[in-house]
Every structure is written in C-alpha cells, then in structure tokens.
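Colleague: missing the sequence, but the structure's below:
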C-alpha cells in the first residue's frame, strides 16, 4: 500500500475523495476476480461466435484475427475492396463496423476494419455477420 500511496502522490496532488470511497467500498463488497472471470468467459464465447460466423457468412478471402483478449476482431477484406465503401452497403443492411483507416498513422490499409463482439449477444453476432456478408455480396455485384 505504501508504494501505491507514493505513486499516487507523484501522479496528482488531489483526487476526488468521495469517488475513491465509492470504489473502495465496491471492491470490498464485490468479488472482482469472479466478475472478471465471468466477463472473460462471456467475451470468449462471443469472440468464438463471431469467428465462426465470419467463416460462415463472409467470403473465404476475408481474413481475421482471433484475439486472446480485448473486445475486437481485426478483419482484412480482399485486396482492392474498401471498407469505407463497404460501410455504405453495411448501413443499408443495418449493421455497422469501424473502417480500419482510422487506426493507421501512415499508409492506411483501406481494406481493413474493426469488429466489436463484446456489445452483442451471440444471436445478434450471427445476424450481424449475415448482414455484413449480404453487404459484401451486394458491393461485389454492383462493382
């Protein structure tokens, strides 16, 4: 605790005491480790469902990560396909994602995107990937 106090004093001069007491009481009254384990299990299940749904509904040329943590998958579309252009088709299908361009400081890869799996049920993930697959198909058909 001494080291934490010293680190805190070095990082700021004064913190909101009331908020600190609320956090302290929460941590005393709740088993945070159990809660974190529940979240990890839920996120793993959602991640696995998204990975499976990508394989089922998106073209085989689409590549994706399988993260060991976090809340997002990184997806790479076939070369020459713009995620910014795809976004317009996806919105028509009532599904959204974050185009990958925003995550590059230089030389963005326009065929990348980030998908969140932590904010949707497994059923919603399946439907979202089905809709995204429809958007890709429409885009490929028109272009």
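Modeller: Arrived safely, thanks for sending. Predicted, not measured: the structure shown is a model, and the values here were computed from it. Numbers count the residues shown, from 1 in each chain.

Colleague: what's the helix or strand for the nearest residue to residue 64 once chain neighbours are set aside?
Modeller: Excluding its sequence neighbours, the residue lying closest to residue 64 (Cβ to Cβ, 6 or more residues apart in numbering) is residue 75, at 4.8 Å. Just so you know, the C-beta spots here come from the backbone N, C-alpha and C atoms, and that holds for glycine as well. Using DSSP states H and E, the element containing residue 75 is strand 72-76.

Colleague: now the helices for this structure?
Modeller: 2-11, 17-29, 32-57, 83-92, 122-142 (DSSP state H).

Colleague: circling back to that earlier point, who are the contact partners of the residue nearest to residue 64?
Modeller: 54, 62, 63, 64, 65, 97, 100, 112, 113, 114, 115 (Cβ atoms under 8 Å, 6 or more residues apart in numbering).

Colleague: what angle sits between the strand holding residue 75 and helix 83-92?
Modeller: 120 degrees (axes from the mean of the first three to the mean of the last three Cα atoms, to 10 degrees).

Colleague: one step back: and the contacts of residue 75, which is closest to residue 22?
Modeller: If you rank the contacts of residue 75 by distance to residue 22 using Cβ to Cβ, residue 114 comes first, at 32.4 Å.

Colleague: what's the spacing between the residue nearest to the closest one when sequence neighbours are not counted and residue 71?
Modeller: Spatial nearest neighbour of residue 114, excluding adjacent residues (Cβ to Cβ, 6+ apart): residue 98 at 4.4 Å. Counting by Cβ to Cβ, to the nearest Å, the gap from residue 98 to residue 71 is 12 Å.

Colleague: overlap in contacts of the two?
Modeller: With Cβ under 8 Å, 6+ apart, residue 98 and residue 71 have common neighbours residue 116.

Colleague: that'll do, ta.
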